[in-house]
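S.K.: need a structure here:
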Amino acid sequence: MTPAPPAGTPAAAVAVVGIGADGWDGLPAASRTALAEADVLIGGARQLELLPADRCPGERVRWPSPLRPAVPGLLAAHAGRRVAVLASGDPMFYGIGRALTEELGAAALRVLPHPSAVSLACARLGWPVEDTEVVTLVGRPAARVAASLHDGRRLLVLSANAATPAEVAALLREHGFGPSRLRVLEQLGGERESTYEGVADSWSHEPGDALNVVAVECRRSPDALRLGVVPGLPDAAYDNDGQLTKRYVRAATLAALAPAPGELLWDVGGGSGSIAVEWLRAHPSCRAVTIEKNPVRAERITRNAERLGVPGLRVVTGAAPAALAQLPAPDAVFIGGGLTAPGLLDAGWAALPPGGRLVANTVTLESEALLTEWYRRHGGELVRLAVAQAVPVGGFTGWRQAMPVTQWSVTKSGEQER
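M.R.: Numbers count the residues shown, from 1 in each chain. Modelled structure (predicted):
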């Protein structure tokens, strides 16, 4: 029997039932009961076909495309009826459960999960789930995989369709991970479950079943550029025209910005996009907007973001501060260029909530004087970053000094005003 909800808990209006490739036979009793008693069954065509008509007589409604905008109207159309929504595997793991929770609230849902594709794949492969990184490409670009490529790591890629394995193999080759081993697990848990494998460098398999997961054992080519997980990627990782925050200054800048999960960065004067890119690489839920007035550089930023695995970077082509007017409020602002533009610092500062951070870098005396004045008014830290590199001097070696960078960083308190 299904356990009764705690006393005082409102009855759930919608049952959200996870189902696997094994269909009705693989469902526990509670899930079968919820589906059998539903007046309305909502799901994808493949999921609905898994239900026997004689056991599940409710009205069948297929999700329209695009799905997310249709959720409110579809639920409203069946208000007052017993509704069951079908989901692949675990509804709360990259599934419809999130959208339903956002729309109705957790109290209105009764979620009945099935083992996810990740759990099933790890069981087949003998991979500990906690040591396996998961990247979903369902409704998302394949470029997202690039941020997770590290020698020796294990990845599970949730495929969008039958073409995904070949796309992943091509991306691995492009990023210097051609020796990586791929295994494609199809129809996990179903009667037609199957597996095929190969190496990215020589991948030649034709597309198979659309319901698949790609397991990747990452192996980096010896001559491939090594990218770490902390800020300060090699300068060679970026296509640039010289407008690039150099590696060591970039690492110090990201440390001052202090990205945290879910936070939004404004990167003003994007140049090559390096600050925003490495902010996004800090955590998958980080968000960033880069503002760049030069259209050529703006396009270059987009390419850099895709190549480095953060295609979600939003690039706004326009001049600040005017281009900032309609942006969502940031958690942090970085100003890497145009500091002397009238009103720029004021606009960035005004947009920040209490606890928000502002970091600005400059190499000119005029901008340094401006930062010194803001430091006097608002506090924070004012530092000068100087980097020298060893270079040949005749038959010897000497130091070549880069232009020093003045950096002001500050956290806005609740009492501070413009």
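
S.K.: how near is the nearest residue to residue 72 once chain neighbours are set aside to residue 83?
M.R.: Closest residue to residue 72 apart from its sequence neighbours, by C-beta to C-beta, 6 or more residues apart in numbering: residue 103 at 5.9 Å. Yep, even glycine has a C-beta here, placed from its N, CA and C like the rest. Distance, residue 103 to residue 83, using C-beta to C-beta, to the nearest Å: 12 Å.

S.K.: now do residue 234
M.R.: With C-beta to C-beta as the criterion, residue 234 and residue 83 are 53 Å apart.

S.K.: same question, residue 100
M.R.: 10 Å.

S.K.: Report the set of residues contacting both of these two.
M.R.: 14, 75 (C-beta atoms under 8 Å, 6 or more residues apart in numbering).

S.K.: Run a quick neighbour tally on residue 104.
M.R.: By the measure other C-beta atoms under 10 Å, the count of residues near residue 104 is 17.

S.K.: Please apply the same query to residue 360.
M.R.: 27.

S.K.: In contact with it, which residues are there?
M.R.: Contacts of residue 360 by C-beta under 8 Å, 6+ apart are 334-336, 339, 345, 367, 371, 407-409.

S.K.: before we move on, the earlier item: quick one: which of residue 103 and residue 83 has more around it?
M.R.: Legend: neighbour count by other C-beta under 10 Å for residue 103 and residue 83, higher for residue 83 (24 against 16).

S.K.: Contact partners for that one?
M.R.: Contacts of residue 83 (C-beta under 8 Å, 6+ apart): 13-15, 38-40, 42, 75.

S.K.: Reformat the residues you listed as CSV; add secondary structure, neighbour count and pLDDT.
M.R.: Putting those into CSV (DSSP: H, G, I helix; E, B strand; the rest coil; neighbours: other C-beta atoms under 10 Å; pLDDT from 0 to 100) gives the following:
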residue, secondary structure, neighbour count, pLDDT
13, coil, 18, 77
14, strand, 23, 94
15, strand, 22, 96
38, coil, 24, 96
39, coil, 13, 95
40, strand, 18, 96
42, strand, 26, 96
75, helix, 19, 89
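
S.K.: Tell me which residue lies nearest the centroid of the chain.
M.R.: residue 284 (3.9 Å; C-alpha atoms, centre = their mean).

S.K.: can you give me the helices for this structure?
M.R.: 29-37, 45-49, 71-77, 96-104, 117-125, 164-174, 247-257, 274-281, 295-307, 344-351, 365-378 (DSSP state H).

S.K.: Using PDB, write down the CA coordinates of the longest one.
M.R.: Coordinates of each C-alpha in helix 365-378 appear next as PDB, following Å, rounded to 0.1, in the frame of the first residue of the first chain:
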ATOM      1  CA  LEU A 365      46.600  57.100 -15.000                       C
ATOM      2  CA  GLU A 366      43.200  58.800 -15.700                       C
ATOM      3  CA  SER A 367      41.200  55.700 -14.800                       C
ATOM      4  CA  GLU A 368      43.500  55.000 -11.800                       C
ATOM      5  CA  ALA A 369      42.600  58.500 -10.500                       C
ATOM      6  CA  LEU A 370      38.900  57.700 -10.900                       C
ATOM      7  CA  LEU A 371      39.300  54.400  -9.000                       C
ATOM      8  CA  THR A 372      41.200  56.100  -6.300                       C
ATOM      9  CA  GLU A 373      38.400  58.600  -5.800                       C
ATOM     10  CA  TRP A 374      35.800  55.700  -5.600                       C
ATOM     11  CA  TYR A 375      38.100  53.900  -3.200                       C
ATOM     12  CA  ARG A 376      38.100  57.000  -1.000                       C
ATOM     13  CA  ARG A 377      34.300  57.200  -1.000                       C
ATOM     14  CA  HIS A 378      33.400  53.500  -0.700                       C
END
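
S.K.: can you give me the angle it makes with helix 344-351?
M.R.: 30 degrees (axes from the mean of the first three to the mean of the last three C-alpha atoms, to 10 degrees).

S.K.: Mind giving me the packing neighbours of helix 365-378?
M.R.: Packing partners of helix 365-378 (3 or more C-beta pairs under 8 Å, 6 or more residues apart in numbering; DSSP states H and E): helix 344-351, strand 357-362, strand 381-385, strand 405-411.

S.K.: Just the residues contacting the longest one, thanks.
M.R.: This means helix 344-351. Against helix 344-351 from outside (C-beta under 8 Å, 6+ apart): 266, 268, 320-321, 324, 327, 329-330, 333, 335, 338-339, 358, 360, 370, 374, 378, 412, 418.

S.K.: at 10 Å what do you get?
M.R.: Helix 344-351 is touched from outside by 266, 268-269, 319-325, 327-330, 332-335, 337-339, 341, 343, 356, 358-360, 367, 370-371, 373-374, 377-378, 408, 410, 412, 416-418, with contacts defined as C-beta atoms under 10 Å, 6 or more residues apart in numbering.

S.K.: Provide a list of residue ranges in the chain with pLDDT below threshold.
M.R.: 1-12, 415-418 (pLDDT under 70).

S.K.: mind running it again at 50?
M.R.: For the chain, the stretches flagged by pLDDT under 50 are 1-11, 418.

S.K.: Touching, the residue nearest to the centre of the chain and residue 312? I think so.
M.R.: Yes - counting by C-beta atoms under 10 Å, residue 284 touches residue 312, with 9.2 Å between them.
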